[in-house]
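K.L.:
give the three-dimensional model of this entry:
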Amino acid sequence: MKLYNRKGINILLEKAPKTPRISMSFFFKTSKKEKYYGINSLLARLFLQGTKNYNASELALMFENECIDITFKAKQDYFKISLIFLNEDFKRAMELTKELILNSTFDDFEKEIFKMKGEITADLDNPRFKLSDSFVKNIFKDHPYSSTHTKILEDLDKITKEDILKAKDDFFKAEKAIVLTGDFEDEEEKLLQYFEDNFDFMRSYDTFDEIEDIFKNEIEKDKIIKIVKNDVAQAQIIQGWLVDSFKSENSAKYSILNNILGSSGLSSRLFVNLRDKQGLAYTVRSQYETLLHSAIFNMYIGTAAKNIQKSLDGFKNELQKLADTPPDEKELKGAKENISGRLKYFTQNNAQITATEGYNFMMGLGLDYNERFIKEINAVDKKDVSEMAKNLLSMPKLVVILAPEEYLKNI
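P.N.:
Numbers count the residues shown, from 1 in each chain. All right, here's what the predicted structure looks like:
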């Protein structure tokens, strides 16, 4: 993928010959804290609800008739508009997208708030979702990353149309990028000139990163949160730590540890030792989730309520084993191949390339990040894995447990 800058507009292009559909994304970096939790999510939902020139039904019909797939997504670190369309429909797709970006009215925000409340309430009725919500809210306490369903639900009624318009304005004052992968009909220069002439509002600006400035990346001491839910037979447990993100030299090491511990499916240690050998788990896994300003390493298990303490002991034991005895060369090699293979698998089609390269650029990782990361993965040795396990054992952790009340009394 090549990066061009035309009068302040970041444009990333990847030519994919003989592919019938173009994948395209407009990225906007999130650098300001939401006034109220949920504003950015609400903004994403409102873009297709009507513009100055078309109502929601007319917009839906136009996108359907032109076979243009468009989605809006608000994430912790960015806001993204994604499109997939036939090569010959490029200009029509751009006209409609520009109409949405510049002329959306957001008039139906109250109706969308009502719908959003209902969906959030339904989601929180799911035990596993409720567990995850509590975990994220507490591990990122008082930080923008703690924008979970429960916190959004508390703030939704405070949001005004002016708040939504201000949030949109903030995105246009931040760093942005246009990312496109496909078999473009025009030459690159014509394509670049088209964006320069028609998308001047995508110019990037150097803005103060408020979110980075306020981040406090630490948990001061071990904490256990108990969620009573008496209408379930199964306990849900998540245990996690705030750790280094992808800009750290430890990122590749944590990725290897995660793969060995619980993200490689049937061969992972948590699956083999806690599920197969001890029969503790219905579901068990680990996860290393990287964000721009932080990352989470966590372990999750769904188990019989009577096995809560055994499961917590199991988490600790598996980490201790890796801390005391590094993995052998076969296990280490398998983890490296698994990670590298997944990375290559998820960057095969146009949509995957656009999403991955656009994300890497917006996070400041560079367009060669995937290649560099694979090299870093291959450089990890056995002692590095043990070092990361020791790190987790020595760091304060957050544990959230959802179960019937009688099984939480002695935890």
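K.L.:
contacts and neighbour counts: CA atoms only from here.
P.N.:
Fine.
K.L.:
roughly how far does the residue sitting nearest the centre point of the chain sit from Ile301?
P.N.:
Nearest residue to the geometric centre of the chain (C-alpha atoms, centre = their mean): Lys75, 6.1 Å. Counting by C-alpha to C-alpha, to the nearest Å, the separation of Lys75 from Ile301 is 26 Å.
K.L.:
then Asn350?
P.N.:
Distance, Asn350 to Ile301, by C-alpha to C-alpha: 35 Å.
K.L.:
ok so Glu220 is a helix residue?
P.N.:
No - secondary structure of Glu220, determined by DSSP: H, G, I helix; E, B strand; the rest coil: coil, with no helix assignment.
K.L.:
re the thing from before, how far away is the residue nearest to the centre of the chain from Gly38?
P.N.:
From Lys75 across to Gly38, the span is 11 Å (C-alpha to C-alpha).
K.L.:
give me the buried positions along the strand or helix carrying Ile224.
P.N.:
Secondary-structure element containing Ile224, defined by DSSP states H and E: strand 223-228. For strand 223-228, burial by neighbour count (16 or more other C-alpha atoms under 10 Å) applies to Lys226, Ile227, Val228.
K.L.:
partners of it, with directions?
P.N.:
strand 398-403 (parallel) (DSSP bridges).
K.L.:
spit out the contact partners of the closest residue to Glu357 other than its chain neighbours.
P.N.:
Of all residues beyond its chain neighbours, the one nearest Glu357 is Leu367 (6.4 Å), with distances taken as C-alpha to C-alpha, 6 or more residues apart in numbering. With contact taken as C-alpha atoms under 8 Å, 6 or more residues apart in numbering, Leu367 is in contact with Met1, Glu357, Asn360, Phe361.
K.L.:
mind checking the SS state of Leu367?
P.N.:
In the three-state summary, Leu367 is assigned as coil, counting by three-state DSSP.
K.L.:
what about it, distance to Leu42?
P.N.:
As judged by C-alpha to C-alpha, Leu367 and Leu42 stand 31 Å apart.
K.L.:
go on, Tyr145?
P.N.:
16 Å.
K.L.:
for stretch 263-282, how far is the first residue from the last?
P.N.:
With C-alpha to C-alpha as the measure, what separates the two termini of stretch 263-282 is 15 Å.
K.L.:
and what of stretch 27-37?
P.N.:
The first residue of stretch 27-37 is 20 Å away from its last residue (C-alpha to C-alpha).
K.L.:
got the buried residues for it?
P.N.:
Taking 16+ other C-alpha under 10 Å as the neighbour-count basis, stretch 27-37 is seen to contain the buried residues Phe27, Phe28, Lys29, Thr30, Ser31, Lys32, Lys33, Glu34, Lys35, Tyr36, Tyr37.
K.L.:
where does the prediction get shaky in the stretch 151-300 of the chain?
P.N.:
Within the stretch 151-300 of the chain, the segments meeting pLDDT under 70 span 185-186, 217.
K.L.:
who's in contact with Tyr282?
P.N.:
Per C-alpha under 8 Å, 6+ apart, neighbours of Tyr282: Arg275, Ile301, Gly302, Thr303.
K.L.:
okay, these in CSV with neighbour count next?
P.N.:
Rendered in CSV, the data for the contacts of Tyr282 read as follows (neighbours: other C-alpha atoms under 10 Å):
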residue, neighbour count
Arg275, 18
Ile301, 27
Gly302, 22
Thr303, 24
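K.L.:
quick one: least confident of those residues?
P.N.:
Scanning these for pLDDT, the low point is Arg275. It has 91.
K.L.:
what residues are bridge-paired with the closest residue to that one other than its chain neighbours?
P.N.:
Spatially, and ignoring its direct neighbours in sequence, Arg275 is nearest to Ala281 (4.7 Å; C-alpha to C-alpha, 6+ apart). Here Ala281 shows beta-bridge partners Thr303, assigned using DSSP bridges.
K.L.:
any chance you could map the strands in the stretch 151-300 of the chain?
P.N.:
Using DSSP state E, counting those that start in this stretch, the strands of the stretch 151-300 of the chain run over residues 176-182, 223-228, 234-243, 281-290, 295-304.
K.L.:
just send those strands back as TSV, with distance to Pro327 too.
P.N.:
Compiled in TSV, the strands of the stretch 151-300 of the chain are given as follows (distance: least, C-alpha to C-alpha, whole Å):
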stretch	distance to Pro327
strand 176-182	40
strand 223-228	30
strand 234-243	21
strand 281-290	17
strand 295-304	19
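K.L.:
just the ones you listed: most buried one?
P.N.:
Using mean count of other C-alpha atoms under 10 Å, the stretch among the strands of the stretch 151-300 of the chain with the greatest mean number of neighbours is strand 176-182 (a mean of 26).
K.L.:
surely Ile374 and Gly341 touch.
P.N.:
No - shown here, Ile374 and Gly341 do not form a contact pair, counting by C-alpha atoms under 8 Å, at 9.7 Å.
K.L.:
same drill for these two, tell me which one is more crowded.
P.N.:
In this comparison of Ile374 against Gly341, neighbours counted by other C-alpha atoms under 10 Å, the higher total goes to Ile374 at 18 against 12.
K.L.:
where does the more buried one fall, secondary structure wise?
P.N.:
helix 369-379.
K.L.:
which residues does that helix contact?
P.N.:
By C-alpha under 8 Å, 6+ apart, the surrounding residues in contact with helix 369-379 are Ala252, Lys253, Ser255, Ile256, Lys336, Ser340, Leu343, Asn360.
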